[in-house]
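A.B. asks: requesting a structural model of the entry that follows:
(chains A and B)
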Number of protein chains: 2
Amino acid sequence: MTSLTTLEPLVLDGFREAVGREHVIESPLEVFGYSYDASFLALDRSTVPQAVVRPRTTQEISRVMAFAHQQRIPVTPRGAASGRTGGSVPLEGGIVLALDRMTSILELDTANMMVSAEPGVRTADLHDHCARQGLFFPPDPGSWKFSTLGGNVAENAGGMRAVKYGVTRDYVMGLEVVLADGSILETGGKAVKNVTGYDLTSLFVGSEGTLGIVSKALFRLRPLPKARGVIRVIFRTMDEACSAVQEMLLDGVTPSAAEIMDATCLEAVARARNTRVEPGAGACLILEIDGDGASSLEAQSLRIDTITRQAGCITFRSAASKEETEAIWAERRGLSSAVAAMAPNRLGEDISVPRSAFPEVVRRINAIASTTKLRIPVFGHAGDGNLHPSVLCDLGNPDEAARAHQAVDGIFKAALDLGGTLSGEHGIGISKRPYFADAVGPVSLATHRAIKGALDPLGLLNPGKIW
Amino acid sequence: MTSLTTLEPLVLDGFREAVGREHVIESPLEVFGYSYDASFLALDRSTVPQAVVRPRTTQEISRVMAFAHQQRIPVTPRGAASGRTGGSVPLEGGIVLALDRMTSILELDTANMMVSAEPGVRTADLHDHCARQGLFFPPDPGSWKFSTLGGNVAENAGGMRAVKYGVTRDYVMGLEVVLADGSILETGGKAVKNVTGYDLTSLFVGSEGTLGIVSKALFRLRPLPKARGVIRVIFRTMDEACSAVQEMLLDGVTPSAAEIMDATCLEAVARARNTRVEPGAGACLILEIDGDGASSLEAQSLRIDTITRQAGCITFRSAASKEETEAIWAERRGLSSAVAAMAPNRLGEDISVPRSAFPEVVRRINAIASTTKLRIPVFGHAGDGNLHPSVLCDLGNPDEAARAHQAVDGIFKAALDLGGTLSGEHGIGISKRPYFADAVGPVSLATHRAIKGALDPLGLLNPGKIW
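C.D. replies: Below is the predicted model of the structure:
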């Protein structure tokens, strides 16, 4: 590990030349603000960068990388630092490359339904910009009001709409990437069909900043759905709720969101909102549907009514007004903080399993909760098998902390056992790194290393992440 | 280039041990059958392999690769050899690895709507197998009745339905790949959301057999559409036809196929079928729509009627019977051979441009036809900017051959000028290799080489392809 002394003045000068003196941050107080992210990881070493460099253009990024390469200085790229696994936390000193000045939406091409933007643009801002022209940018990670596109691309961000519309990767048509040595790579483009060479675009999406710095991204868009509706359905068990979602998807009635929460989540939300849980409620589905207009929504709603009834639902409520829609969504939005309020600490996980294994993984998590004597409420995206169990605990209590980490290990093991993965949408970063090699196996690990070695032979880009 | 003498007996023995003596083909007459594909390339060197090895299992492929690696023997993988750019044609001697014995559909998982299969399964057979369970495998390359899945994955095959349903890559959830040294890599899986490490799956899709041998593939499926309809619309100009398609997509009425053909194509088909072209017809659109049932089709058809009328169509015909549907599709299906019948030779190309540039690239192709004094009918997939200009010529006439190649160069240049690519769905293979470096630029070329070097350091896998 590099010792965290201040860089020599000469070395810093190269970065100052690249981006301008005023865009290199050196004061210990200020650089501290670039040392953490939304994972709130308990780390065993300092993560304070030696300096923060804030380029404005691709050319400036290129000069920064060329200089860092020449001087063998580690570079940790950073967007809004809203990541949940430590992806933007510097581990080896060096510089943080902050992309917060690159905030331009470059071109909205309505004819081709595509938009290009710089990495520092906020996800929700891009969405709104396109929506004003009747176009739709679907990826909606929970943090979309503050997360930025560079991070979305680096982590292949998901969200609630993934069940119908896919994740960030499904929208990236092309990238401009500054490589470890400062050279500028362009991938993809506006041609919808393209089989010219390797799919470099997809290789960079989800690579967590370890292969290059995304300096520009081109996304495809869809027509904005003309109408949306929300449905709330209560079931006795998670099994029933899951099988209802399964039936919808097989029937081709794909909701644009299919959020599920268990009894403990319902209880947490009711406590926070001062309401009561329906008697017998063991699971809740919040479904969003969208379409061409009222008649399309009605047809979908009818079909969902039939399917959820067959699956044994207790109550079915289709929002009839704006207020009712808002009330249903408020329940889902308040969920995360309501769950967090149940204990001093929460270890929020993000496993993903084959859709059919959702009920079984929930059963195993309940068993883990019972063994470790901890509460582990579960909510998630039922339509794509991505769930977020929250291990509630008091990390100040050593015995409880040990049981909490045992629970997390058990949850990962259950996911892998059932053909699932360590992460559905948060990435590996630092927090899941200890599990990566076992999850993917030795041949995949060697392949990852070979690709990393080919594109970043000095290992300077976001060192210490993924594996 | 390796000299094409018969391999030493000792060397061949290793392959015989790997797959069984009866599955190694050595006779010159028989190996000749593995020396060409559907590109009918005029090559300046022999492409006859030294032997053909036909494994039945992943383990056998692994042993073959390990032995080839140890002996430094080039390996050219081969499916149905239906490729259009020479991807499965051996250029450096060595062995052809024929996957024609690996023809099992392994598991149809209806709950997760996924299917896994071996590389030698025919595309149409997989489609039919899934359709019997109400599930839909959309990729439909023109050759789908004989092309096989391994080749579809290696070339990222497209097809007519790509406009609504995407291409092969959009369906690959995971792969089992035998790497150059014989090690077996597994990527992806049944978890719909997965951000664990690099997207190795997408890296192998479209890599044209240069990075590994696909020994198994897992595909996601969709519910089979319950109803389909076909519409034929005639316009005065290609511009009008293109703008109608543009409008449909912006409006969210996405046809499941949007095939376009120009006046020369219409004339070729009419001549072949002994019919007449409508007076004033300059372009024809054949649209397929699909949906939940009759009312969904009717709504789409009405919307398309309005849009095509606004775009200035001459005739609009929505097939009302099975016979009418069949007659319209027969026109499209007969197109390729009708065009080919117009001249002794045809150089069929496969460029792809941003959707909005479709009319302009057609204008430029017409100008090239005029300059080179050749006929170049154009048909293609209007919905995704992928077009197939056919340079008609007599290659036996040296002057005409020169002009034909000049026309092909001009077509590629036009595509690249307009932000397009060399290939929408056929790949680069041998035939577009001379254009690849210019098309992607030096940084991308170096990145391709670095990745190839990392995964196949000895350069044994499908040598001489792409660049």
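A.B. asks: and chain B, is stretch A:30-41 touching that?
C.D. replies: No: if you take Cβ under 8 Å from any Cβ of the partner chain as the test, stretch A:30-41 misses chain B, and the best it gets is 14.4 Å. Bear in mind the C-beta positions are built from the backbone N, C-alpha and C, glycine included.
A.B. asks: please apply the same query to stretch A:443-453.
C.D. replies: Yes: counting by Cβ under 8 Å from any Cβ, chain B is contacted by stretch A:443-453 at A:443-444, A:446-448, A:450-451, A:453.
A.B. asks: which of the residues you listed lies closest to B:Leu416?
C.D. replies: Nearest to B:Leu416 among those is A:Ile451, at 27.6 Å by Cβ to Cβ.
A.B. asks: for burial, what's the neighbour tally of that closest one?
C.D. replies: Here the number of neighbours of A:Ile451 (other Cβ atoms under 10 Å in any protein chain shown) works out to 22.
A.B. asks: where exactly do the helices run in the stretch 101-250 of chain A?
C.D. replies: Using DSSP state H, counting those that start in this stretch, the helices of the stretch 101-250 of chain A run over A:123-131, A:149-155, A:162-165, A:200-204, A:238-251.
A.B. asks: about what we covered before: how about TSV for the residues of stretch A:443-453 next to chain B, with distance to B:Gly291 and secondary structure added?
C.D. replies: As requested, the residues of stretch A:443-453 next to chain B are exported to TSV (distance: Cβ to Cβ, whole Å; DSSP: H, G, I helix; E, B strand; the rest coil):
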residue	distance to B:Gly291	secondary structure
A:Val443	43	helix
A:Ser444	40	helix
A:Ala446	47	helix
A:Thr447	42	helix
A:His448	42	helix
A:Ala450	46	helix
A:Ile451	42	helix
A:Gly453	49	helix
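A.B. asks: just the buried subset of these, written out for PyMOL, thanks.
C.D. replies: Typed into PyMOL, the next command selects the buried ones out of the residues of stretch A:443-453 next to chain B (criterion: 16 or more other Cβ atoms under 10 Å in any protein chain shown):
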select buried, chain A and resi 443+444+447+448+450+451
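A.B. asks: tell me the one among the residues of stretch A:443-453 next to chain B nearest to B:Leu249.
C.D. replies: A:Ile451 (35.4 Å).
A.B. asks: that older thread, can you tell which of the helices of the stretch 101-250 of chain A is closest to chain B?
C.D. replies: helix A:200-204 (3.6 Å; Cβ to the nearest Cβ).
A.B. asks: any idea of the mean pLDDT for that closest one?
C.D. replies: For helix A:200-204, mean pLDDT rounds to 98.
A.B. asks: and stretch A:298-318, by the same measure?
C.D. replies: Here the average pLDDT along stretch A:298-318 is 96.
A.B. asks: what's that stretch in contact with?
C.D. replies: Residues from elsewhere that reach stretch A:298-318 (Cβ atoms under 8 Å, 6 or more residues apart in numbering or on different chains): A:229-236, A:240-241, A:243-244, A:247-248, A:251, A:253, A:255, A:278, A:280-281, A:285, A:287, A:289, A:291, A:324, A:328, B:292.
A.B. asks: can you say which of these are buried?
C.D. replies: A:229-236, A:240-241, A:243-244, A:247-248, A:251, A:253, A:255, A:281, A:285, A:287, A:289, A:291, A:328, B:292.
A.B. asks: what's the closest non-adjacent residue to A:Val163?
C.D. replies: Once flanking residues are discounted, A:Val163 sits nearest to A:Gly383: 2.9 Å by Cβ to Cβ, 6 or more residues apart in numbering or on different chains.
A.B. asks: is it true that that neighbour touches A:Ser256?
C.D. replies: No: applying Cβ atoms under 8 Å, one finds A:Gly383 not in contact with A:Ser256, separated by 9.3 Å.
A.B. asks: overlap in contacts of these two?
C.D. replies: With Cβ under 8 Å, 6+ apart, A:Gly383 and A:Ser256 have common neighbours A:163-164.
A.B. asks: quick one: which of those two has more around it?
C.D. replies: More crowded of A:Gly383 and A:Ser256, by other Cβ under 10 Å: A:Gly383, with 29 against 23.
A.B. asks: you'd agree that one is in a strand?
C.D. replies: No: counting by DSSP: H, G, I helix; E, B strand; the rest coil, one finds A:Gly383 to be helix, located in no strand.
A.B. asks: how many neighbours does A:Arg222 have?
C.D. replies: Neighbour count of A:Arg222, defined by other Cβ under 10 Å: 16.
A.B. asks: check it and give its pLDDT.
C.D. replies: For A:Arg222, the predicted pLDDT is 97.
A.B. asks: taking the stretch 1-150 of chain A, what residue is nearest to chain B?
C.D. replies: Across the stretch 1-150 of chain A, the shortest distance to chain B (Cβ to the nearest Cβ) belongs to A:Ala111, at 3.9 Å.
A.B. asks: contact partners for that residue?
C.D. replies: Taking Cβ under 8 Å, 6+ apart as the criterion, A:Ala111 is in contact with B:246, B:355-356.
A.B. asks: rerun that using 7 Å as the cut-off
C.D. replies: Counting by Cβ atoms under 7 Å, 6 or more residues apart in numbering or on different chains, A:Ala111 makes contact with B:246, B:356.
A.B. asks: same question, A:His69
C.D. replies: A:His69 makes contact with A:180-182, A:458, A:460 under the criterion Cβ under 7 Å, 6+ apart.
A.B. asks: mind redoing it with 10 Å?
C.D. replies: Contact partners of A:His69, counting by Cβ atoms under 10 Å, 6 or more residues apart in numbering or on different chains, are A:75, A:179-183, A:456-458, A:460-461.
A.B. asks: kindly report the same for A:Ala367.
C.D. replies: By Cβ under 10 Å, 6+ apart, the neighbours of A:Ala367 are A:376, A:410, A:414.
A.B. asks: just the element for it, please.
C.D. replies: helix A:358-372 (DSSP states H and E).
A.B. asks: try A:Ser35
C.D. replies: Per DSSP H and E, there is no helix or strand for A:Ser35.
A.B. asks: that one touches A:Leu29, doesn't it?
C.D. replies: No: using Cβ atoms under 10 Å, A:Ser35 makes no contact with A:Leu29, being 11.3 Å away.
A.B. asks: out of those two, which sits in the busier spot?
C.D. replies: Under the criterion of other Cβ under 10 Å, the comparison of A:Ser35 against A:Leu29 puts A:Ser35 first, with 18 against 7.
A.B. asks: could you pull up phi and psi at the more buried one?
C.D. replies: Per-residue torsions, A:Ser35: phi -110, psi 0 (degrees, to the nearest 10).
A.B. asks: with A:Gly429 instead?
C.D. replies: According to degrees, to the nearest 10, A:Gly429 has phi 50, psi -130.
A.B. asks: could you do A:Val52 as well?
C.D. replies: phi -120, psi 130.
A.B. asks: what sits against the residue nearest to it when sequence neighbours are not counted?
C.D. replies: In this structure, A:Val52 finds its nearest non-sequential neighbour in A:Ile25, 4.0 Å apart by Cβ to Cβ, 6+ apart. Taking Cβ under 10 Å, 6+ apart, we find A:Ile25 in contact with A:31, A:33-34, A:49, A:51-54, A:95-96, A:98.
A.B. asks: please repeat the previous calculation with a cut-off of 7 Å.
C.D. replies: A:Ile25 sits in contact with A:31, A:51-52, where contact means Cβ under 7 Å, 6+ apart.
A.B. asks: what does the pLDDT read for it?
C.D. replies: 96.
A.B. asks: low-scoring stretches of the stretch 201-350 of chain A, by residue?
C.D. replies: Within the stretch 201-350 of chain A, no range satisfies pLDDT under 70.
A.B. asks: what residues does the stretch 151-300 of chain A put near chain B?
C.D. replies: A:155-156, A:158, A:162, A:167, A:169, A:183-187, A:189-200, A:202-203, A:205-207, A:223, A:246, A:249-252, A:292 (Cβ under 7 Å from any Cβ of the partner chain).
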